[in-house]
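>>> mind looking at a prediction? Sequence and model below.
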Amino acid sequence: MRRLPLIRIGLAFALSPLLIAFIASLFQGGSIWNETGAGASLWYFFFTLPVGFLIILIGLIALIIRRVRKRDIT
């Protein structure tokens with residue numbers, strides 16, 4: 001079974017408020033760029049961007065370590 005890379009998970013987590021805002025604006029109507037309704041979900045970027053980029057950074061470090069170890073074995 002193949003694992004889902006941390007880089008993709010971090011990117012999806014970091015950009016999830018934008019996707020939520022787009023989907024919510026389809027049902028509620030109106031603009032996603034105002035601070036009511038769907039636009040309010042964009043404020044979640046203050047939490048998801050730093051955490052998402054931290055997950056991406058951890059994934060990149062794990063990828064580099066994995067490749068260095070693989071190269072040392074062969």
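Noted; the coordinates are in hand.
>>> CA atoms for contacts and neighbours, from now on please.
Noted.
>>> show me where pLDDT drops low in the chain?
Across the chain, the ranges flagged by pLDDT under 70 are 1-4, 29-33, 35-37, 74.
>>> which residues in it form helices?
6-28, 45-73 (DSSP state H).
>>> and G39, which of these is closest to it?
The minimum distance between G39 and those falls on helix 6-28, with 6.1 Å, by C-alpha to C-alpha.
>>> ranking the helices of the chain by burial, who's on top?
Neighbour counts (mean count of other C-alpha atoms under 10 Å) averaged over each of the helices of the chain peak at helix 6-28, with a mean of 17.
>>> distance from that one to the middle of the chain?
8 Å (C-alpha atoms, centre = their mean, to the nearest Å).
>>> who does that helix touch, helix- and strand-wise?
helix 45-73 (3 or more C-alpha pairs under 8 Å, 6 or more residues apart in numbering; DSSP states H and E).
>>> the helix it packs on vs helix 6-28, what angle?
150 degrees (axes from the mean of the first three to the mean of the last three C-alpha atoms, to 10 degrees).
>>> which neighbouring elements make contact with helix 45-73?
helix 6-28.
>>> pull the helix it packs on out as PDB, backbone CA atoms only.
Extracted as PDB, the C-alpha positions of helix 6-28 are listed here (Å, rounded to 0.1, in the frame of the first residue of the first chain):
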ATOM      1  CA  LEU A   6       3.200  14.600   3.600                       C
ATOM      2  CA  ILE A   7       3.800  17.300   1.000                       C
ATOM      3  CA  ARG A   8       0.500  16.700  -0.600                       C
ATOM      4  CA  ILE A   9      -1.300  16.600   2.700                       C
ATOM      5  CA  GLY A  10       0.300  19.800   3.800                       C
ATOM      6  CA  LEU A  11      -0.600  21.600   0.600                       C
ATOM      7  CA  ALA A  12      -4.200  20.400   0.700                       C
ATOM      8  CA  PHE A  13      -4.500  21.500   4.400                       C
ATOM      9  CA  ALA A  14      -3.000  24.900   3.700                       C
ATOM     10  CA  LEU A  15      -5.300  25.600   0.800                       C
ATOM     11  CA  SER A  16      -8.500  24.000   2.200                       C
ATOM     12  CA  PRO A  17     -10.100  27.300   3.300                       C
ATOM     13  CA  LEU A  18     -10.100  28.500  -0.300                       C
ATOM     14  CA  LEU A  19     -11.800  25.300  -1.500                       C
ATOM     15  CA  ILE A  20     -14.400  25.600   1.300                       C
ATOM     16  CA  ALA A  21     -15.100  29.200   0.400                       C
ATOM     17  CA  PHE A  22     -15.600  28.400  -3.300                       C
ATOM     18  CA  ILE A  23     -18.000  25.500  -2.500                       C
ATOM     19  CA  ALA A  24     -19.900  27.400   0.100                       C
ATOM     20  CA  SER A  25     -20.300  30.400  -2.300                       C
ATOM     21  CA  LEU A  26     -22.000  28.100  -4.800                       C
ATOM     22  CA  PHE A  27     -24.700  27.300  -2.300                       C
ATOM     23  CA  GLN A  28     -25.000  30.600  -0.600                       C
END
